[in-house]
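Enquirer: sequence first, then the predicted structure:
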Amino acid sequence: MQTLKHIGIIALNTFRESIRDKILYNIGLLAIGLAFFSIVLGEWSVFDRAYVIKSTTLSVMSLSGLLISIFVGISLVQKEIQRRTVLTLLSKPISRATFIVGKYFGLLAVVAVHLTLLTLIYYAILFLTNSQPTVSLLTAIYLIFWEMAVVIAIALLFSSFSSTILSALFTLGVYFAGHLSNQLLEQIRFASRMGEMGDTSTALLEKVAVVIHAVFPGLYRYNVTSYVVHGLALPDMYLFWNTVYAIGYVGVFLAIASWWFSRRDFL
Amino acid sequence: MIQIEHLHKTYRSGFLMKPKLALKDVSLHVEPGQIYGFIGPNGAGKSTTIKVLTGLLNFDSGKVLVNGISPRDVKSRRFIGYSPEQPYFYDYLTGRELLQFYGKLVGLEGNLLNERITWALQLLHADKDWIDRRLRSYSKGMMQRVGIAQAILGKPKLLILDEPMSGLDPMGRRDVREAILELNRDGVTIFYSSHLLSDVESISHRVAMIVDGRIVREGTVDDITDSCGIEYHVRTRVAILAKDLPEGVVHAGHPQEVICADDAARDRLLRYCLDNGIAVEKMDHKRPSLEDILTEEIARADA
């Protein structure tokens, strides 16, 4: 009970710290600007205007959420260490795992608020442009949220033991691997079926792709933009299982980050 | 309250992770109710020892207990209040918001939290309007007071202060010294490091001196200074030639002034004066200060 309370206090402080971060406002304003720009894109595009506005705005939400998750996420722990505020904080009766989890939920709350504000703007744009706003669009935003939940955990994991720049590069690497792993595996299997590669190289590449696919979080699962903008139904229990999947990865990443952070010396 | 036995700590730094032994066989015992001063030059291992006690640093070997609990266990920190050297805090908060944040982390809330904040600020003479300003506008002295205030909010059994008087003006030093004594009267054990040896001499029940990662002296201030013996400065009415000076007696920059290294040298000089009809005009005894002893220990370690 006490631990939950401590997590809440640290999360609240992290939230307060993050919402004062200039980078957050820059990303937020950029996202709002791009969301409105989607109206212009819709007018210019040869495609259906509603389709362009919906898909562009969902992409903006995903991209801005990603930028916040990575750039604010990687600095959360590093800032505490560099400014030496971690010394006073960790001398209180809180474990290092509590610190990591508190930081995580603080930033997750920031991302949730950011996505909520963009959702309101998104629906306002859809209403204003008569672009058939539907409730099903919320499922795409819900999955963007869970994708960001995983990305924040990855950023925290890397920042618990490496520098800010390396953490950003590693997190981006995992993000792209997570998005492309499925495609990579399918391409290699396709090439193999077509006999475009030699047996040995195909077998080796397929093994590598299988490992990447198995180890890295399958973030491609959280991009359902094309389904929802075309009004297609997602498979039954898709949201439930992908929520469980994200929670599982978040748990593992935070556990590793906490373990690593516990071994650190603070000079 | 604090038990450290044969503590060793190595840092690894640089590309090759070259090891550097920061603490070598450090042993200390701090009893409940004591004010324990921890002195030594920069880089001697004071902050390292303190960070081991607060669980911020791991250690290689040895035994460390705080109130009977290992500092690796979070429970040990329920009894501790800690203020680091040159405390840094979240500068987007006001002093009061910061104290509320740390107060909540030690389980305080509502009226009790506000009462404790008022009490801590009064104790440190920090109940001024600046406490409601953002920390980024604070001077070093204000920051130091807020640092100590956050450490005492939870009324800890053990207060660990790393250079609590650094950055304070004379008034600030007096306020902190008085706060330490007041807290100690209420039963709080205090373990602190300081460069200001006159303050350490005036308020500490016991002192440990650390040089180059080793404890070189430990005891009460009197124990430590007595162990070095007392020098006697003697002024005679007529000059004594250097060749006639008894063993252990040397001139002090003037032919009529001599220094006796210890009691035996003093006795030999007085006998010489009596035998030769030399009148003694003045005799002072000088006990070495902690500073003298520390300087001597640093020189010995360098040699």
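Expert: That came in fine, so what should we check first?
Enquirer: what sits against the residue of chain A found nearest chain B?
Expert: Residue nearest to chain B within chain A: A:Ser91 (4.0 Å; CB to the nearest CB). Every residue, glycine included, has its C-beta placed from N, CA and C. Each residue near A:Ser91 by CB atoms under 8 Å, 6 or more residues apart in numbering or on different chains is listed here: B:Thr54, B:Gly55, B:Leu56, B:Arg77, B:Ile80, B:Tyr82, B:Pro84.
Enquirer: so what's B:Met87 closest to, chain neighbours aside?
Expert: One thing to correct before we go on: residue B:87 is Pro, not Met. B:Gly147 (3.3 Å; CB to CB, 6 or more residues apart in numbering or on different chains).
Enquirer: scan chain B for its longest helix.
Expert: helix B:170-185 (DSSP state H).
Enquirer: which elements pack onto that helix?
Expert: strand B:35-39, helix B:110-123, helix B:140-152, strand B:158-162, strand B:189-193, helix B:197-203 (3 or more CB pairs under 8 Å, 6 or more residues apart in numbering or on different chains; DSSP states H and E).
Enquirer: redo these as JSON lines? Include mean neighbour count.
Expert: Output for the helices and strands packed on helix B:170-185, formatted as JSON lines (neighbours: other CB atoms under 10 Å in any protein chain shown):
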{"stretch": "strand B:35-39", "mean neighbour count": "25"}
{"stretch": "helix B:110-123", "mean neighbour count": "16"}
{"stretch": "helix B:140-152", "mean neighbour count": "23"}
{"stretch": "strand B:158-162", "mean neighbour count": "25"}
{"stretch": "strand B:189-193", "mean neighbour count": "25"}
{"stretch": "helix B:197-203", "mean neighbour count": "18"}
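Enquirer: skipping its backbone neighbours, what lies nearest whichever residue of the stretch 101-250 of chain B sits closest to chain A in space?
Expert: Residue nearest to chain A within the stretch 101-250 of chain B: B:Leu105 (4.4 Å; CB to the nearest CB). Spatial nearest neighbour of B:Leu105, excluding adjacent residues (CB to CB, 6+ apart): A:Lys92 at 4.4 Å.
Enquirer: give me the phi and psi for that neighbour.
Expert: phi -80, psi 160 (degrees, to the nearest 10).
Enquirer: mind listing the helices for chain B?
Expert: B:46-53, B:95-105, B:110-123, B:140-152, B:170-185, B:197-203, B:221-227, B:263-276, B:290-302.
Enquirer: please state the offset of the helix or strand A:Val211 falls within from the chain centre?
Expert: Using DSSP states H and E, the element containing A:Val211 is helix A:199-215. Mean C-alpha position of helix A:199-215 versus that of the full chain (CA atoms, centre = their mean, to the nearest Å) differs by 26 Å.
Enquirer: which residues sit against it?
Expert: A:Ala177, A:Ser181, A:Asn182, A:Leu184, A:Leu185, A:Ile188, A:Arg189, A:Ala191, A:Ser192, A:Met197.
Enquirer: mind listing which of the residues you listed are in helices?
Expert: Going by DSSP H, the helices hold A:Ala177, A:Ser181, A:Asn182, A:Leu184, A:Leu185, A:Ile188, A:Arg189, A:Ala191, A:Ser192 from the contacts of helix A:199-215.
Enquirer: circling back to that earlier point, adding mean pLDDT, write the helices and strands packed on helix B:170-185 out as CSV.
Expert: As requested, these are exported to CSV (pLDDT from 0 to 100):
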stretch, mean pLDDT
strand B:35-39, 92
helix B:110-123, 91
helix B:140-152, 89
strand B:158-162, 94
strand B:189-193, 94
helix B:197-203, 85
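Enquirer: could you save the ones you listed as JSON lines and add columns showing distance to B:Thr295?
Expert: Converted to JSON lines, the helices and strands packed on helix B:170-185 look like this (distance: least, CB to CB, whole Å):
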{"stretch": "strand B:35-39", "distance to B:Thr295": "12"}
{"stretch": "helix B:110-123", "distance to B:Thr295": "34"}
{"stretch": "helix B:140-152", "distance to B:Thr295": "26"}
{"stretch": "strand B:158-162", "distance to B:Thr295": "22"}
{"stretch": "strand B:189-193", "distance to B:Thr295": "18"}
{"stretch": "helix B:197-203", "distance to B:Thr295": "10"}
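Enquirer: for residue 233, give me its contacts.
Expert: I'll assume chain A. Shown in contact with A:Ala233 (CB under 8 Å, 6+ apart): A:Tyr227.
Enquirer: that's the other chain; I wanted chain B
Expert: B:His233 touches B:Ala252, B:Glu257, B:Val258, B:Ile259, B:Met283, B:Asp284, B:His285, B:Lys286, counting by CB under 8 Å, 6+ apart.
Enquirer: residue in chain B nearest to chain A?
Expert: For chain B, CB to the nearest CB, closest residue to chain A: B:Tyr82, 4.0 Å.
Enquirer: OK, contacts around that residue?
Expert: A:Leu87, A:Thr88, A:Ser91, B:Ile50, B:Thr54, B:Ala151, B:Leu159, B:Ile160, B:Leu161, B:Asp162.
Enquirer: can you report how many residues neighbour the closest residue to A:Arg83 other than its chain neighbours?
Expert: In space, and not counting its chain neighbours, A:Arg83 is closest to B:Tyr88: 5.1 Å by CB to CB, 6+ apart. Neighbours of B:Tyr88 under the rule other CB atoms under 10 Å in any protein chain shown: 17.
Enquirer: I figured B:Tyr88 hits A:Ile81, correct?
Expert: No: if you go by CB atoms under 8 Å, B:Tyr88 and A:Ile81 don't touch, sitting 10.9 Å apart.
Enquirer: pop out the phi and psi values for B:Gly154.
Expert: phi -80, psi 10.
Enquirer: kindly report the same for the one 10 residues further on.
Expert: The main-chain torsion angles of B:Pro164 are listed as degrees, to the nearest 10 and equal phi -70, psi -20.
Enquirer: show the pLDDT at it.
Expert: Per-residue pLDDT puts B:Pro164 at 89.
Enquirer: give me the neighbour count for it.
Expert: Neighbours of B:Pro164 using other CB under 10 Å come to 29.
Enquirer: who's the closest spatial neighbour of A:Met148, skipping the chain neighbours?
Expert: Looking at A:Met148 with CB to CB, 6+ apart, the closest residue is A:Gly65, at 4.4 Å.
Enquirer: what helix or strand is the one you found located in?
Expert: helix A:49-82.
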